[in-house]
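Q: show me how the following folds:
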Amino acid sequence: MRRRPPPPPPASHAPSKSRLLLPHSASPTPPHPPADPTPEINHAGAGGLWAELVSNRGFEAGGPNTPSNIDPWFIIGNESSIIVGTDRTSCFERNPVALRMEVLCGSKGTNVCPSGGVGVYNPGYWGMNIERRKGYKVSLHIRSSDAVSLTISLTSSDGLHKLASRTITGGKKQFANWTKIQFRLYSSQNNTNSRLQITTTKTGVVWLDQVSVMPSDTYMGHGFRKDLASMLANLKPQFLKFPGGNYAMGNYLRNAFHWGETVGPWEERPGHVNDAWGYWTDDGLGFFEFLQLAEDLGASPVWVVNDGASINEEVPTAIIASLVKDVVDGIEFARGGANTTWGSVRAAMGHPQPFKLDYVSIGNQECWMLYYRGNYQKFYSAIKAAYPDINIISSCDKSTISASNPADLYDVHVYASSANMFSRTSMFDNTPRSGPKAIVSEYAVTGNDAGKGTLVAALAEAAFLVGLEKNSDVVEMASCAPLFVNDNDRRWSPDAIVFNSWQHYGCPNYWMLHFFKDSSGATFHPTAMQVSNYDQMVASAITWQSPKDKSTYLKIKVVNFGSKAMDLNITVTGLESGIKSSGSKKTVLTSAAALDENSFEQPEKVAPVSSPVADAKQQMGVSVSPYSLTSFDLLLEPSKHSII
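A: Numbers count the residues shown, from 1 in each chain. Prediction:
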């Protein structure tokens, strides 16, 4: 267990005074705000953002050898009434494992089934959240050696209380071959810890495969959990990086993310072991779904492709051609016309128009590996030959990029303690202004004071983002990592959004990102801060336009990373428009202690609080709390000339 440092000393009651001067001029280069990747870690996708409620729906998680482990499925009954195992009789070529139930008891005779029947149940991902009057689409494939009478139910976690059920019956001929059954269940009550049951009191052998329960009400109707996707949408992300870093690589190449096995009908996807983070994924959240989510969010997809490297393996450049072709095929899936080989697969999935895919990242920070640079050049040449407009991102730093080793962008990952992250506000100040820009695709505070997401960690990240905002001419994009964590399976801390089957909350760094979501398309204004004997503050300023009423605001962000309250004298000069005396607001992210965190019990213990700014003007005095992020959104007078 990690030990936390002692809390910071209490703030001084006498605020220090300093000056903030802005702006002297406006930068023509618009900064890009932080956006958010969705790597498959912490059950962020399976059991999280992807709304499928059944875990191991195809019974493939135990591996191809049968009989196999069917976890998390459990048996209802005992060996005198039912024998359950897996075999390879599925109708699906790419995922041949199915569940075989041999029912030994019956409704009468010497071996009578229990009153509730025997069968199997699935608890989902630490319990299914079933809501009253909400619809749930149930789908399963059935085969039987005899007549069928199966009851499919949503029940309480102990199986004693039924929330909704449907009985499927049919003669021997009807289910002699694999048959797909679909219907909707509507629950009579709420239960946040439910399970799916499949039971019978009829003797015989029944096979099951590809058992799915999906909420009918998902984000944009595309299968994403509505509350979690909405939290992501509220950040106004400008890009969506997928499928993540180590998840794209795998510990071994056989378990890497292979896009071609994640498209097409969901029942036919084989799924794979996410060996980087230690759990099975059915790949319901596949390449198509990532592209669809980016489109729904209005974000640019950034596809991280496997470059022939896993954590423990690497494909030599001499034999990389098949992997290169696979990536070019993947781009055709996303961008090709409906009459192309892979574009037709996308069209058959319900999206005849191409997706907008403009960014491809070659690998995941593997520049140090033996074959990376040779492999990278193979990928670069092939992609540019087929799609010259695509922006290709290198895992190598800017110093390695040249005419013989070209790149449109280069990837940067930043993990640091809070103090170190705060100091990195100047990280890009001395970067050469020509050549490819950086994409900071992963950044996060780690270490003792990061906890599960503390205020001080969020403030350090805010200071880092202020530095990126100031250097938007050399930094294209940035994204925090990781974004989501299922509280039942923390593989990494801290994260921005915490959830379980039915609850969610944003950590302080999630709320911090809201202060930067208006930066895209804004105009940056240089600032000058005059502070004596205090180096714990950074500030930035932009002008941005509200999409609701087209009003223009001057947004001044101030990060106070220290324990002193500060009085600031703000002087605004050089704007084409004046500041209106009313209509401005102040928003503050702070808390009683620097190490405060949010929780399910106190989801907004650390959250922004807004208040009106009275009598806003070109020169005014303001107060900045210790350990805080403060934003002043000053409403500007209408101008004949657009500022943005």
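Q: quick one, what contacts the closest residue to D495 other than its chain neighbours?
A: Using C-beta to C-beta, 6 or more residues apart in numbering and skipping residues adjacent in sequence, the residue nearest D495 is V485, 3.8 Å away. Where C-beta positions appear, they are placed from N, C-alpha and C, glycine not excepted. The contact partners of V485, by C-beta atoms under 8 Å, 6 or more residues apart in numbering, come to I41, N42, H43, A44, R491, W492, S493, D495, I497, V498, F499.
Q: next, the third one: secondary structure please.
A: Looking back up the chat, that one is H43. Following DSSP: H, G, I helix; E, B strand; the rest coil, the label given to H43 is coil.
Q: and the closest residue to it other than its chain neighbours, backbone torsions?
A: Among residues not flanking H43 along the chain, N486 sits closest, at 3.9 Å (C-beta to C-beta, 6+ apart). Main-chain torsions, N486, degrees, to the nearest 10: phi -80, psi 120.
Q: what pairs with the helix or strand hosting I556, parallel or antiparallel?
A: Per DSSP states H and E: I556 is located in strand 552-560. Partner strands for strand 552-560, per DSSP bridges, with pairing direction: strand 537-545 (antiparallel), strand 628-635 (antiparallel).
Q: who touches the last one?
A: It refers to strand 628-635. With C-beta under 8 Å, 6+ apart, strand 628-635 has contacts from 458-459, 462, 512, 515, 551-560, 570, 572, 579-580, 582-590, 613, 616, 622, 624.
Q: drop anything exposed from the residues you listed.
A: 458-459, 462, 512, 515, 552-560, 570, 572, 579-580, 584, 586-590, 613, 616, 622, 624 (16 or more other C-beta atoms under 10 Å).
Q: which residue ranges form the strands in the stretch 101-250 of the chain?
A: Along the stretch 101-250 of the chain, the stretches classed as strands by DSSP state E, counting those that start in this stretch are 118-122, 128-130, 135-144, 148-156, 162-170, 179-186, 191-200, 204-215, 239-242.
Q: hang on, the earlier thing: for W73, find the nearest of the strands paired with strand 552-560.
A: strand 628-635 (46.5 Å; C-beta to C-beta).
Q: about what we covered before: give me the sheet partners of the helix or strand containing the residue nearest to D495 and which way each runs.
A: Taking DSSP H and E as the definition, V485 sits inside strand 484-486. Using DSSP bridges, the strands paired with strand 484-486 in its sheet are strand 497-499 (parallel).
Q: off-centre distance for the partner strand?
A: Once both centres are worked out by C-alpha atoms, centre = their mean, to the nearest Å, strand 497-499 turns out to sit 10 Å from its chain's centre.
Q: can you verify my assumption that A164 contacts Y186?
A: Yes: the criterion here is C-beta atoms under 8 Å, and A164 meets it with Y186 at 5.8 Å.
Q: neighbour count: those two, which is higher?
A: Remark: of A164 and Y186, A164 carries more neighbours, 21 against 15, as counted by other C-beta atoms under 10 Å.
Q: give me phi/psi at S611?
A: The phi/psi pair for S611 (degrees, to the nearest 10) is phi -150, psi 150.
Q: can you pull out the helices in the stretch 201-350 of the chain?
A: Ranges of helices within the stretch 201-350 of the chain are 226-233, 246-249, 287-297, 321-335, 341-348, based on DSSP state H, counting those that start in this stretch.
Q: and the ones you listed as JSON lines, adding distance to A528, mean neighbour count and mean pLDDT?
A: Output for the helices of the stretch 201-350 of the chain, formatted as JSON lines (distance: least, C-beta to C-beta, whole Å; neighbours: other C-beta atoms under 10 Å; pLDDT from 0 to 100):
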{"stretch": "helix 226-233", "distance to A528": "36", "mean neighbour count": "18", "mean pLDDT": "97"}
{"stretch": "helix 246-249", "distance to A528": "42", "mean neighbour count": "24", "mean pLDDT": "94"}
{"stretch": "helix 287-297", "distance to A528": "36", "mean neighbour count": "22", "mean pLDDT": "97"}
{"stretch": "helix 321-335", "distance to A528": "45", "mean neighbour count": "18", "mean pLDDT": "98"}
{"stretch": "helix 341-348", "distance to A528": "51", "mean neighbour count": "17", "mean pLDDT": "98"}
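Q: quick one on the thing from earlier: list the buried residues in the helix or strand just after the strand holding I556.
A: Counting by DSSP H and E, the next helix or strand C-terminal to strand 552-560 is strand 564-572. By neighbour count on 16+ other C-beta under 10 Å, the buried set for strand 564-572 is K564, A565, M566, L568, I570, V572.
Q: roughly how far does A147 sit from L459?
A: 66 Å (C-beta to C-beta, to the nearest Å).
Q: got the domain ranges for this structure?
A: 18-27+522-635, 33-52+218-299+328-354+399-514, 74-215 (the TED database).
Q: which of these sits most buried?
A: domain 33-52+218-299+328-354+399-514 (a mean of 21; mean count of other C-beta atoms under 10 Å).
Q: so where's this protein uncertain?
A: 1-39, 640-644 (pLDDT under 70).
Q: distance check, N471 against N111.
A: In terms of C-beta to C-beta, N471 sits 75 Å off from N111.
Q: same check on A458?
A: 62 Å.
Q: before we move on, what about G260?
A: Taken as C-beta to C-beta, the span from G260 to N111 is 48 Å.
Q: then S165?
A: With the distance defined as C-beta to C-beta, S165 ends up 24 Å from N111.
Q: and the helices in the stretch 401-550 of the chain, which stretches?
A: Counting by DSSP H, counting those that start in this stretch, the helices of the stretch 401-550 of the chain are 418-423, 455-470, 508-513.
Q: select, out of these, the one closest to S519.
A: helix 455-470 (6.1 Å).
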